[in-house]
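>>> got a predicted structure here, sequence first:
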Amino acid sequence: MKPDHPVTFKPETAADAWLGLLAARGVEYLFANGGTDFAPVVEAYAKGQNLGWRLPEIVIVPHENMGVAMAHGYAMVTGRPQAMMVHVGVGTANALNGLINASRQNVPILFTAGRTPITESGALPAARNNYIHWAQEHFDQGGMLREFVKWDYELRHAEQVETVIDRALAIAKSEPQGPVYVTLPREILASSFSSQFNANSSIVPASPPAADPDALEEVAKLLGRAQMPLLITANGGRTVESSRAIAQFVEAFAIPTIHYRPRHLALSTEHPMHCGWDPHALLKEADLVLVVDCDVPWIPKEGGPRPEARVVHIGPDPLFARYPLRGFRTDIALTGLAAPTLIALLEKTKKHLSLSAVESRRKSVEEKSSQTRKKARGGIDPMPAAITGKWLSACINRVLGDDSMLVNEYPIVLEEMTIREPGRYFGNTAAGGLGWGMGAALGAKLASPGKTVVCALGDGSYMFGNPSAAHYVSEAMHLPVLFVIANNARWAAVHRSTLSTYPKGHASAMKEPPFATLEPSPRFEHVIKASGGHGEAVTDPKDLLPALERAMKVVKEEKRQALLNVRIEAGYVKTS
């Protein structure tokens, strides 16, 4: 294969080596929010550009949380981890919310930060030369995020560059995947690099965990005897392979499937085994519950499995060991990726299965699936008197095409959506750190330039998303995205939680409940115009579909970002 950069890479400093080896290891983008610690990196990048080296493309992100969300979105779509560098501890602190999201969602990111220069005398290149270098130093800079990264390390010598990059990427990509953190002292980056390095990585990711054959056999026997099995997943559609495996598995055994608070869809919304978004009703009937790549399969206060039912958890980390408290009943825990584990379980179960029992169950499951959709789905007719979240979702569904990706930070009502293929829907992360959606949508667009990306946001999550920074990146990187804000001028989740805890309390009777009111609502449609985008406010239901069509035309034909500020009624009903 002809190299895309024939110029020989000859690093002279650790910073040179760091940038060049990132590119050599397949890192395409370096998301960056710079500071005084970046001087050796800036110089190395300028040198590499002048000399024709292969380097990661820089993406300037004016807020760290949004930058992590972009790296998250890119890896979420491609599976390939990218790198990010921020300014010492203060930049790390700003990024922490996004790193919690990536950690809980098992998204691999090579997250790095400069470290305040170590030396004071000025004798070493890149030593302290600014008053801020004293106050910004930490005793333990990695301590603030160590709970949410798989590995962290401080580069201590130039000769470590290759080992640190290779180890970091290998750990990030090993299952269960997740972010890693490296700090880069300025003097080390500026120091001489004279080591030899390998053209290819010297450390590969660990092979994924595989389920124990005896445990698989035990589950196969349970499945062969089960009269009413149930499968619950949240992340089962993380990859095309896992989505196909789940579809094949539930079709073979006629198993009703629930996506509970999904971040990815494993089945088409129209699949005959897809039985909705809430497991609690079906849990009352199930005698075998298969929890596949799902951290929270039910809410104990709302119900749980029958005492005589058996519960099997399946995933690369089926016990979610990094969660401090998680007490869901687990009779068997199969450690393994969803796709190979379910394929192996399918083969082992065939000898224990009654085909007549499966076929008799199939008809009832298909009927339940059809009735669940028919009962929950309203569509766009009739038009409501005021815009509701449910009707907004149905209107968004109407304008989505086969080339669309939907990134959802809370407001979408999934009952109204028709999403048939994996990799077209991405929901808010398990941790729920607000401000994820805008950056994730931009990262998804960066990863899939031929797709039309629609980002659904609440008004609160839009403000958390650092909108000025996000709209800047959209324009600067030519990443047209349609942002749709479901604006109810409320923190609905805050008041919904209060209502569920105190259903007849003082707050329940208030028109503007404490801590949950966001009025006067900003004119969000003006913000995007500062970055060359198209913005509209929509209040009347009859104006919504035409506005969505105009906005989609701007994104698809004019290649500009667009935003609709949709004023919806204030509501606190729990949705999918």
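Structure received. Numbers count the residues shown, from 1 in each chain.
>>> from now on I want contacts and neighbour counts done on CA atoms only, so please keep to that.
Fine.
>>> poorly predicted segments of the stretch 1-150 of the chain, please.
1-7 (pLDDT under 70).
>>> the strands in it, which residues?
Along the stretch 1-150 of the chain, the segments classed as strands by DSSP state E, counting those that start in this stretch run 29-32, 57-60, 83-86, 110-115.
>>> what's the end-to-end length of stretch 331-342?
With C-alpha to C-alpha, to the nearest Å as the measure, the first residue of stretch 331-342 is 17 Å from its last.
>>> what does that stretch rub up against?
Applying C-alpha atoms under 8 Å, 6 or more residues apart in numbering, the contact partners of stretch 331-342 are 208-212, 215-216, 219, 236, 241-246, 249, 292-293, 310-319.
>>> now that stretch: buried residues?
Neighbour counts using 16 or more other C-alpha atoms under 10 Å place Ile332, Ala333, Leu334, Thr335, Gly336, Leu337, Ala338, Ala339, Pro340, Thr341, Leu342 of stretch 331-342 among the buried residues.
>>> also stretch 195-214?
Ser201, Ile203, Pro205, Pro209, Ala210, Ala211.
>>> where does this structure have low pLDDT?
1-7.
>>> select the longest helix from it.
helix 355-376 (DSSP state H).
>>> and that helix, what does it pack onto?
Helix 355-376 sits against no helix or strand, with contacts defined as 3 or more C-alpha pairs under 8 Å, 6 or more residues apart in numbering; DSSP states H and E.
>>> got the contact list for whatever helix or strand comes next after it?
As assigned by DSSP states H and E, the chain's next helix or strand after helix 355-376 is helix 389-399. With C-alpha under 8 Å, 6+ apart as the contact definition, helix 389-399 has outside contacts at 378-380, 383-384, 411-414, 416-418, 486, 544-545, 548-549, 552, 568-569.
>>> list the buried ones in stretch 300-316?
Gly304, Pro305, Ala309, Arg310, Val311, Val312, His313, Ile314, Gly315, Pro316.
>>> also stretch 549-564?
Glu549, Ala551, Met552, Val554, Val555, Lys556, Lys559, Arg560, Gln561, Ala562, Leu563, Leu564.
>>> could those residues go into TSV alongside distance to Glu525 and secondary structure?
Shown next, in TSV, are the buried residues of stretch 549-564 (distance: C-alpha to C-alpha, whole Å; DSSP: H, G, I helix; E, B strand; the rest coil):
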residue	distance to Glu525	secondary structure
Glu549	16	helix
Ala551	12	helix
Met552	15	helix
Val554	14	helix
Val555	15	helix
Lys556	19	helix
Lys559	18	coil
Arg560	14	coil
Gln561	12	coil
Ala562	9	strand
Leu563	6	strand
Leu564	6	strand
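>>> show me which of those is closest to Thr116.
Lowest distance from Thr116 to the buried residues of stretch 549-564 (C-alpha to C-alpha) belongs to Gln561, with 37.5 Å.
>>> what sits against Glu536?
By C-alpha under 8 Å, 6+ apart, the contact set of Glu536 is Glu525, Ala547, Leu563, Leu564, Asn565.
>>> quick one, phi/psi of it?
Main-chain torsions, Glu536, degrees, to the nearest 10: phi -140, psi 150.
>>> please tell me how far Arg490 sits from Thr92.
Distance from Arg490 to Thr92, by C-alpha to C-alpha: 30 Å.
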